[in-house]
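**Student:** here you go, sequence then predicted model.
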Amino acid sequence: MDEHDRMEPGTLQVDDPWYAGAATQEWEREAPPPSRAPAPAPAHEPERGSGNRQGAEAVYLDVQQSDAFQRMRRGYRRFVMPATTVFLGWYLAYVVAATAAPELMGRQVFGAVNVALLAGLAQFASTFLLTWAYARNARLHRDRTALDLRWDTQERIR
Amino acid sequence: MTALSLTALPPAALPLTGLPPTTLRPTTLPSAALPADPRLAAEAASQDHQGLALVLFTVFVAVTLGITAWAGRRRRGTVEFYTGGRLFSPLQNGFAIAGDYMSAASFLGISGIIALFGYDGLLYAVGFFVAWLVVLMLVAELVRNCGRYTMADVLSTRMRQRPVRLAAGASSIAVSILYLVAQMVGAGTLVGLLLGQSGGRAMTWTVVGVGALMVVYVTVGGMRATTWIQIVKAVLLMGGALTLTALVLARFHGNVNDLLNAAAGGSGHGASFLGPGLRYGQSWTSRVDFISLALALVLGTAGLPHILSRFYTVPTARSARRSVVWSIGLIGSFYLMTVVLGFGAAAVVGSGEVRSSSASGNTAVPLLARDLGGGAGSTGGTVLFAVVSAIAFATILAVVAGLTLASSASFAHDLWATVARKGKASESEEVGAARVSAVVIGAVAIALSLFAQELNVAFLVSLAFAVAASANLPALLYTLFWRRFTTRGTVWAIYGGLVPAIVLVVFSPVVSGGPEAIFTGADFHWFPLENPGVVSIPLGFLAGWLGTLTSREEADPAKHAEMEVRALTGAGAA
């Protein structure tokens, strides 16, 4: 582990202009729902601080089974799996249409603009849109829980 | 991304030339320019821009060496060498990722293909761009949380170290070297093309000079220098693209419809120039071939070792995600600009003139810059041409530095420290080994590039993407998302993708039997496609699945829990 691991990660992103500083404010506004903090497992209490392998394993298994972690993992997969299916399918459909049906893609829509140009621009637009949606989803629904779980887990293993 | 220029660029068919980038040599006129040649004006003007371009090259090299010297004074250690200290901001890393990904080929290659073949060039740009969603959603954060320096760190988190690191290190190095050789051969060809010089010796010196510079950047400056060089290069590249795009749009008074109509007119193809099919619609083989390439592009990016190692330069998974968001913004707008530049070159310069300057279209953007600046012989035209040439060169240098660093990290951290020394090497020994391996990899890449400089290595970058998609991505995704995945599964997935991808290319038309094959004398090809992806990617996934099913050992649930908790929360992350 590196020495800067002890830094508070939340402070590192304040100057990120992508979100124009809104992210940190949201972090402060959003009170942590009590249910998100995983309850420490009493069964492993004695192993705290022992630092041995058995203890760490038990902690990881325990955190993995915790409600907060399960909910976070479900939220992540529920976003990522359908999104990946959709964008890969849409990209493949686009490539197959462009190579196999050039006549359809060459049909003019308005002015010099044809279906193919619109589809290409739509690929760019959907990529930007999904990027934004994913970043927003992660920021609002995952980051807080992940941070809580991270410090909690490290605390228990140490 | 040199894929593009190289796919379209048979080096043997072009004036193979170049200058040693580190030395200023008096420029010589291309003796082949005949007075009756319509390109005479361009050739004469090339004398002026060569001088200016050389000055700009030298300034860039001096600045990058300064950065390297500054970074090299920092404390030693593996964290500093492999990650530059892990404290880059998402903005900085976003620019560096974009710098690693956008090569001269994106700038010159995609625009060139669009200038010659119209819409079909846009298919490339879309593939390279959509690929970033895979990186963003499935890979970036989890890799940042699970690994320390290399991809093999992630793959070996819950597996037996030695077989997994051996396989992952081998495939990482294979991908990097394929990419590196393509870049360096492209560098010689491109510099020669832009400076209008000829002669095999100049080309040789370019390759050697580029190789020597990248080794210096990596061995002296490590990841910190490499990252800053990527940032400087990304800013230059974006600035150049932005300026030219603004000039193109201004030329057509902001009317995109006029631009498209003028491009269709200037191409000689009419309206079909704006639709797909001019390049890939010729036969069913070429269509399937393109779909195969498209698969490799969209899935390969997430398995490129030099891209994955960029996530370790930021402190948390959250900042890795923000880096990717930044780089998606930069890369997306960059590709949109190259599309405008490609159509702009067809409209302003004309496809015929682009083709007569370079059969692959690589000079479309420099020619466009010259015309936008006022035409051949004008001061504005000369300056813009020189600036564009210098940016293209800067771009190649930065990309090869990133590749050298990633492959030396794989060699020293995965193969040497874990497999050979069984994890008993000290940090300073490991950094020493990484420096030595950067020198060795640089030497190997220079030797291979010199050997390959007369050959058509067009397929090498698409092969690198295909190997990354067939070997690295299946192993990575299974590790991160499949609870039952085992050591044998990992090893099988890597070799099961790597070996078919390379074997299929050896027996494909690009090596023998094709119109631009490496071996012209023999024909031993039996695989019809030039891109192996459509076969090798499913094989990689299949091999990983079969390997897991036939494993004697079961996946360890505790190790899986550890990896999953670490991947999603960042607990215990380096």
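**Tutor:** All right, it came through fine. The structure presented is a predicted model; accordingly, all values stated were derived computationally and were not measured.
**Student:** quick one: low-confidence parts of the chain?
**Tutor:** Since no chain was named, I'll use chain A. Scanning chain A for pLDDT under 70 picks out A:1-54.
**Student:** oops, wrong one, chain B.
**Tutor:** Ranges of chain B meeting pLDDT under 70: B:1-49, B:75, B:194-200, B:458.
**Student:** can you name the residue of it nearest to chain A?
**Tutor:** As assessed by CB to the nearest CB, chain A sits closest to B:Gly275 within chain B, at 2.9 Å. Glycine gets a C-beta too; all of them are placed from N, C-alpha and C.
**Student:** touching chain A at all, stretch B:127-142?
**Tutor:** Yes - looking at stretch B:127-142 against chain A by CB under 8 Å from any CB of the partner chain, the contacts come from B:Gly127, B:Phe129, B:Val130, B:Trp132, B:Leu133, B:Val134, B:Leu136, B:Met137, B:Leu138, B:Glu141.
**Student:** helices or strands up against the helix or strand the first one falls within?
**Tutor:** When elements are defined using DSSP states H and E, B:Gly127 is found to belong to helix B:120-134. Counting contacts by 3 or more CB pairs under 8 Å, 6 or more residues apart in numbering or on different chains; DSSP states H and E, helix B:120-134 is packed against helix A:67-100, helix A:115-141, helix B:2-7, helix B:111-117, helix B:284-300, helix B:317-348.
**Student:** output those in JSON lines; the columns should cover distance to A:Asp148.
**Tutor:** JSON lines is the format used below for those (distance: least, CB to CB, whole Å):
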{"stretch": "helix A:67-100", "distance to A:Asp148": "7"}
{"stretch": "helix A:115-141", "distance to A:Asp148": "13"}
{"stretch": "helix B:2-7", "distance to A:Asp148": "43"}
{"stretch": "helix B:111-117", "distance to A:Asp148": "48"}
{"stretch": "helix B:284-300", "distance to A:Asp148": "34"}
{"stretch": "helix B:317-348", "distance to A:Asp148": "13"}
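**Student:** out of those helices, flag the one nearest B:Gly192.
**Tutor:** helix B:2-7 (12.9 Å; CB to CB).
**Student:** just checking, B:Pro163 touches B:Val491?
**Tutor:** Yes - in this structure, B:Pro163 is within contact of B:Val491 by CB atoms under 8 Å, at 5.1 Å.
**Student:** of the two, which one has the most company?
**Tutor:** Counted by other CB atoms under 10 Å in any protein chain shown, B:Pro163 and B:Val491 do not tie: B:Val491 has more neighbours, with 22 against 16.
**Student:** wait, the more buried one touches B:Arg162, no?
**Tutor:** No - in this structure, B:Val491 is not within contact of B:Arg162 by CB under 8 Å, at 10.3 Å.
**Student:** just to revisit the earlier point, for B:Ala212, which of the helices and strands packed on helix B:120-134 is the nearest?
**Tutor:** Nearest of these to B:Ala212, taken as CB to CB: helix B:2-7 at 19.3 Å.
**Student:** please name the nearest non-neighbouring residue to the residue of chain A found nearest chain B.
**Tutor:** Using CB to the nearest CB, the closest approach of chain A to chain B is made by A:Gly106 at 2.9 Å. Distances taken as CB to CB, 6 or more residues apart in numbering or on different chains place B:Gly275 nearest to A:Gly106, at 2.9 Å, with adjacent residues excluded.
**Student:** burial count for that neighbour?
**Tutor:** For B:Gly275, the neighbour count with other CB under 10 Å is 25.
**Student:** so who does it touch?
**Tutor:** A:Pro102, A:Met105, A:Gly106, A:Asn114, A:Ala116, B:Gly118, B:Tyr119 (CB atoms under 8 Å, 6 or more residues apart in numbering or on different chains).
**Student:** gap between the closest residue to the last one other than its chain neighbours and B:Phe465?
**Tutor:** Here the nearest residue to B:Tyr119 in space, its sequence neighbours aside, is B:Pro276; by CB to CB, 6+ apart that works out to 4.9 Å. According to CB to CB, to the nearest Å, B:Pro276 stands 21 Å off from B:Phe465.
**Student:** repeat for A:Asp62
**Tutor:** Relative to B:Phe465, A:Asp62 is positioned 41 Å away (CB to CB).
**Student:** neighbour-wise, which of these two wins?
**Tutor:** Ranked by neighbour count (other CB under 10 Å), A:Asp62 and B:Phe465 place B:Phe465 first, with 31 against 20.
**Student:** thanks a lot, see you next time.
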